[in-house]
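Participant: Quick one: sequence plus predicted model below, questions after.
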Amino acid sequence: MHRKDACGVRREAARKRTCHQAPRLAAHPVLYEGYSAAEVADWFGYSVQTLRTLVRDFRAGRTGFFIDARPGPKTAPAKDAARERVIELRRDQQLSIDEIAVVLAREGLALNRTGISQTHRSPRATPAVASSRRPAGCARGP
């Protein structure tokens, strides 16, 4: 990569500072074009050690080019385990969230109010479950 080419890539990387593409653009010349980490780090404004860490992570398969990884848990095992029971209690018995929490705790599937609310309002829940028990035309309270 010539200095002129590096400027264009650096401008592109600067535009993408809010996503994971900027470090990937910086690691590319080291990984695929044979440039030294020190040279590329200077071009992109990274420390040499930071760039070496990026390159190491790419080589180890911890990240890939242009794939945005989302941090945090990918599943909620407790919610998944209780989902059908929450839907059943809400649909068939018209129980409130607090009542559902008590029933689930007795059954060993304890979920907090937020977990129950998210479970019965999820896209996988049936429309009848996601609807409120409030009669039609009633205004929503604060």
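Facilitator: Thanks, I have the structure now.
Participant: What count of nearby residues applies to Asn36?
Facilitator: Quick fix: residue 36 is Ser, not Asn. 12 (other C-beta atoms under 10 Å). Using the backbone N, CA and C atoms, a C-beta is placed for each residue, glycine as well.
Participant: for the closest residue to it other than its chain neighbours, helix, strand, or coil?
Facilitator: Computed as C-beta to C-beta, 6 or more residues apart in numbering, the closest residue to Ser36 that is not its neighbour in sequence is Val30, at 7.3 Å. Following DSSP: H, G, I helix; E, B strand; the rest coil, we place Val30 in the helix state.
Participant: Contacts only, for Val30.
Facilitator: Counting by C-beta atoms under 8 Å, 6 or more residues apart in numbering, Val30 touches 36-37, 40, 51, 55.
Participant: and the gap between it and Glu88?
Facilitator: With distances taken as C-beta to C-beta, to the nearest Å, Val30 is found 55 Å from Glu88.
Participant: For the residue nearest to Ser36, give its distance to Thr53.
Facilitator: In terms of C-beta to C-beta, Val30 sits 11 Å off from Thr53.
Participant: Which one of the contacts of Val30 is nearest to Ile100?
Facilitator: Closest approach to Ile100 among those (C-beta to C-beta): Val55, at 50.3 Å.
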